[in-house]
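**Q** build me a model:
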Amino acid sequence: MDSKHPIAARNLNHWFGTGEARKQALFDINLEVELGSLTVLVGPSGSGKTTLLTLLGCLREVQDGSVDLLGHELHGASGALLTALRRRLGFVFQAHNLHNSLTARQNVVMGLQVHGNLPAEQADAAASHLLGLVGLGDRLDYLPANLSGGQKQRVAVARALVGNPDIIFADEPTAALDRVTSANVVALIKRLGRERGTTTVMVTHDNRILDQADRIVTLEEGRIVKSIDANA
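**A** As a prediction, the model looks like this:
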């Protein structure tokens, strides 16, 4: 990996199933993601967007081809290396995956636990700060049952960001958010990219946020058919 590209996929192929049921999901994917950028993956359902995201984020085993993530090859990587790399990543999924028995702040604090034993006061302060940035400063001690769907998703975004990850992988993070909140969440992610060098890869069907992307990559039937540099 060169210093400009924390993610690089080369000749990446992927299959699901075995035997006669085996079906190829990705075909010869070549993609470089620039440091600090917001790269958005778009395309119809079933085009391979989420499969690609999970391969780049070491959530799925690389079968064929190469993925270089933060200077480490994922094809054939050990479990220990994959675990270490995941600690440097933040994940946001359409399903917010919050713990129902924990408050918003406690859910965000959980995002810090993979980084070691941070003093409780410091962890609470960091979680409160991030929740304030996503517009939930007045909901710190609310349980998920008392939050709307959009508010739960903003808690999930704060949890992904609180550990100051090198890379954020987001799958439909704005699906449950209104237009203004969607724009604010994506703007926050972009600002972190500028200020901290945080790189983001996002799958979305939300055309409202495409104008904030640095690059828009279109997939169809498991292939990249278009890649547009919005800054060119």
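**Q** can you show me the strands along the chain?
**A** For the chain, the strands defined by DSSP state E cover 7-16, 23-33, 38-42, 64-69, 72-73, 89-92, 167-171, 199-203, 215-220, 223-229.
**Q** show me what counts as buried in the lowest-mean-pLDDT helix or strand in the chain.
**A** Least confident helix or strand of the chain, by mean pLDDT, DSSP states H and E, is helix 179-196 with a mean of 82. Within helix 179-196, the residues that count as buried by 16 or more other Cβ atoms under 10 Å are Thr181, Ser182, Ala183, Asn184, Val185, Val186, Leu188, Ile189, Lys190, Leu192, Gly193. The C-beta positions use only the backbone N, C-alpha and C, and glycine is treated the same way.
**Q** excluding covalently adjacent residues, which one is nearest to the residue sitting nearest the centre point of the chain?
**A** For the chain, Phe169 is the residue whose C-alpha lies nearest the centre (Cα atoms, centre = their mean; 1.3 Å). Using Cβ to Cβ, 6 or more residues apart in numbering and skipping residues adjacent in sequence, the residue nearest Phe169 is Gly57, 4.1 Å away.
**Q** the one you found against Ile168, yeah?
**A** No. Using Cβ atoms under 8 Å, Gly57 is not in contact with Ile168, being 9.4 Å away.
**Q** which residues do those two both contact?
**A** Residues touching both Gly57 and Ile168 (Cβ atoms under 8 Å, 6 or more residues apart in numbering) are Leu89, Phe91, Val201.
**Q** format those as TSV; extra columns: distance to Ala230.
**A** Listed next are the shared contacts of Gly57 and Ile168 as TSV, based on distance: Cβ to Cβ, whole Å:
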residue	distance to Ala230
Leu89	24
Phe91	24
Val201	15
